[in-house]
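Participant: The following block contains a protein sequence and its predicted model.
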Amino acid sequence: MTGTLPASVPELFAAVAARVPDAPAVVHKDTGLSYRQLDEQANRLARELIRHGVGPDRLVAVAVPRSAQLVVVLLAVLKAGGAYLPLDPRYPAARLSYLVDDAAPVLLVRAGEVALPAADLPEVVVDDPEFTARCARHSGAAVTADELRRPLRPDHLMYVIYTSGSTGSPKGVLVSHEGVRDLVATQTERFGPAPGERVLQWASVSFDAFFWDLTLALLSGATLVMADADDLLPGENLHETLVKYDITHAVLPPVALSITDSDGVLPGGTIMSTGDACTPTLIAKWAPGRRMFNGYGPTEVTVGVSIAGPVEDPSDTAIGRPWTGGRVHVLDERLRPVPDGEEGELYLAGSGLARGYLNRPGLTATRFVPDPFGPPGTRMYRSGDRGWRGPAGELHFAGRADDQVKVRGFRIELGEIEACLTGHPAVQIAACVVTGALADARVVAFATLRPGAGAGAGSGELREFLVARLPEHMVPARVTVLPVLPTLSNGKIDRRALRGRADADRTRATADPAATPATAPAGVPTGVPAAVPHSHEEVLYATVRELLALDSVDPGDNLFRIGGNSVVAARLVSVLRRKTGVRLPMRAVFEAETLAGLARLLHEHDTTAPGERR
């Protein structure tokens, strides 16, 4: 089947656009583009990008918020023969600067509302009226091979996605068009998306799951539904978005599935869990009434490598079989296949394998090794994942062989967080651990200070230091300063002891019935047990304390500075609605400067009669 398909994204998209030109391609709020409109806009922009030097194996940094325009830009970069480097505008400036400096793109394409750190890099502002007028003067017809700077081949670069790095710096993964044909063949065979169906675009553009959503829709004739980040937060917001847009296909991590109500969404549709281990509880919750799949694959392949499903038995948490063009070997430390049922390391091979890491030849040689089971010259990726193969050939995930972790579906190297923390002038040693699972999973950091370190090196200050340098999903919920870190007999840091301390702190904070806010808010009596809240204020403070596993909170605290994140915010809104009957707008939670401000908002949005209030 794969031999009949074109080999690159532009060719695959052109075939779909020609087949269903008037079908809706992209929807975002009140904006919609048909396949014909998307094709023509992307062709015009592609011609302008070619004028700016974009071509095969040339990287273009893209900083455009979630919108139909983002899809136009990404497609235009690929039509011009280039490859895109996604820059999530919500990332810290220091992080974006590193990505741009390390990747050295030939051009930056950004929206006018996005402000990025100054860089010695040519740029175009895609929504600037003058630039828009220039693009409009180009033809909307297909970009021909003669117009490209050189012919586009399957082995040319398609995108560079950065992942967390164990050495302290994120590393860019080089992915070509080589695996796209098999990706589309797999999507067609297993999921069967079609015109009239609607695919939710959930993941950030900075993750390869974004590309899965993009191709699942646009290379099949279905509609890609874009939504703002607030509308995608797990819980009530995500549930309402799935219902509002009548979504038929969605790919979500277990953390999102765990705190989102499955009732009334995706009836008869398709859901795939990916990004972390799927559990029997999630299968029992989401499989009934819809087709559920479990996908597996790191960034070092073209989005994925194996899929299980449709899954019906809650005990079946396998990651399935390799998809079209992919191979998975289960090997021992001497690269010998292990018998079925025995655990080994998963080595990934096939058409979707990445080229390697950008500017990291040593690391590439270590992780992308010769494939003794494939044709001469082929390679396989040493994933670091442990697993085993069942008697029927299905693969099972068994954890990691190193310190890499998954937190809320995000792949994280704790070493990168530790390296960033030790970059603070007052920090001598740092170590991180993970406590909890799924929506409750959180990174906790520990640090010792250099002799003479004075004020400005407390737990809060150190966490703020990380907030300014790391994406939200990598920022520890808490940074604890210790006089000394526990060690093993060989002198290494005792991470098990640190994990035990983090678990104990969390248990104590959530179980202590006498814990109250450090400073009682006006009108709230002190000494009222947090476990039996009475007023809106008490419910708010008790809930925040429990969600963040804190001994106490203060009305002047900012939710996100004391360990909150987007998942915590979504859960907070859900709990407050259940306990008080008040629904806070998600944006208000993000914009509130203090917990006291959130308490005031609870009263302002309370529509019950005064005599009915709690």
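Facilitator: Received, thanks. Residues are numbered from 1 along each chain as shown.

Participant: State the phi and psi torsions of the nearest residue to residue 122 once chain neighbours are set aside.
Facilitator: Distances taken as Cβ to Cβ, 6 or more residues apart in numbering place residue 107 nearest to residue 122, at 5.4 Å, with adjacent residues excluded. C-betas here are computed from N, CA, C, even on glycine. For residue 107, the backbone dihedrals (degrees, to the nearest 10) come out as phi -160, psi 150.

Participant: Tell me what residue 107 is bridged to.
Facilitator: Beta bridges link residue 107 to residue 60, judged by DSSP bridges.

Participant: What does the pLDDT read for it?
Facilitator: On pLDDT, residue 107 comes in at 96.

Participant: Quick check: it touching residue 53?
Facilitator: Yes. Under the criterion of Cβ atoms under 8 Å, residue 107 makes contact with residue 53 at 6.7 Å.

Participant: what touches both of those two?
Facilitator: Shared contacts of residue 107 and residue 53 (Cβ atoms under 8 Å, 6 or more residues apart in numbering): residue 122.

Participant: more neighbours, those two?
Facilitator: residue 107 (21 against 14; other Cβ atoms under 10 Å).

Participant: That one: what's it in contact with?
Facilitator: Going by Cβ under 8 Å, 6+ apart, residue 107 touches 49, 52-54, 58, 60-61, 121-124.

Participant: can you check residue 44 too?
Facilitator: 76, 135-136, 138-140.

Participant: ok, now residue 311?
Facilitator: Contacts of residue 311 by Cβ under 8 Å, 6+ apart are 283, 287, 292-294.

Participant: Swap in 6 Å and give it another go.
Facilitator: Taking Cβ atoms under 6 Å, 6 or more residues apart in numbering as the contact definition, residue 311 lies against 283, 287, 292, 294.

Participant: Same check on residue 178?
Facilitator: Going by Cβ under 6 Å, 6+ apart, residue 178 touches 154-155, 351.

Participant: can you pull out the helices in the stretch 201-350 of the chain?
Facilitator: Secondary structure of the stretch 201-350 of the chain (DSSP state H, counting those that start in this stretch): helices at 209-218, 236-244, 254-258, 280-286.

Participant: Provide the contact partners of stretch 263-277 at residue level.
Facilitator: In this structure, residues lying in contact with stretch 263-277 by Cβ under 6 Å, 6+ apart are 191, 242-243, 248-251, 253-254, 286, 290-295, 397, 406, 409.

Participant: Flag the shaky bits of the stretch 301-450 of the chain, pLDDT-wise.
Facilitator: Residues of the stretch 301-450 of the chain meeting the criterion pLDDT under 70: 400-404, 409, 438-439.

Participant: thinking again about what came up before, least confident of the helices of the stretch 201-350 of the chain, on average?
Facilitator: Among the helices of the stretch 201-350 of the chain, helix 254-258 scores lowest, with a mean of 83.

Participant: Could you check how far that one is from the centre of its chain?
Facilitator: Relative to its chain's centre, helix 254-258 lies at 13 Å (Cα atoms, centre = their mean, to the nearest Å).

Participant: Report all helices and strands that that helix contacts.
Facilitator: For helix 254-258, the packing partners by 3 or more Cβ pairs under 6 Å, 6 or more residues apart in numbering; DSSP states H and E come out as helix 280-286.

Participant: For the helix it packs on, list the C-alpha coordinates in CSV.
Facilitator: Only the C-alpha atoms of helix 280-286 are listed here, as CSV (Å, rounded to 0.1, in the frame of the first residue of the first chain):
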residue,chain,number,x,y,z
PRO,A,280,-6.6,-0.5,33.2
THR,A,281,-8.7,2.3,34.9
LEU,A,282,-8.4,4.5,31.9
ILE,A,283,-9.3,1.7,29.5
ALA,A,284,-12.4,0.9,31.5
LYS,A,285,-13.3,4.6,31.5
TRP,A,286,-12.7,5.5,27.8
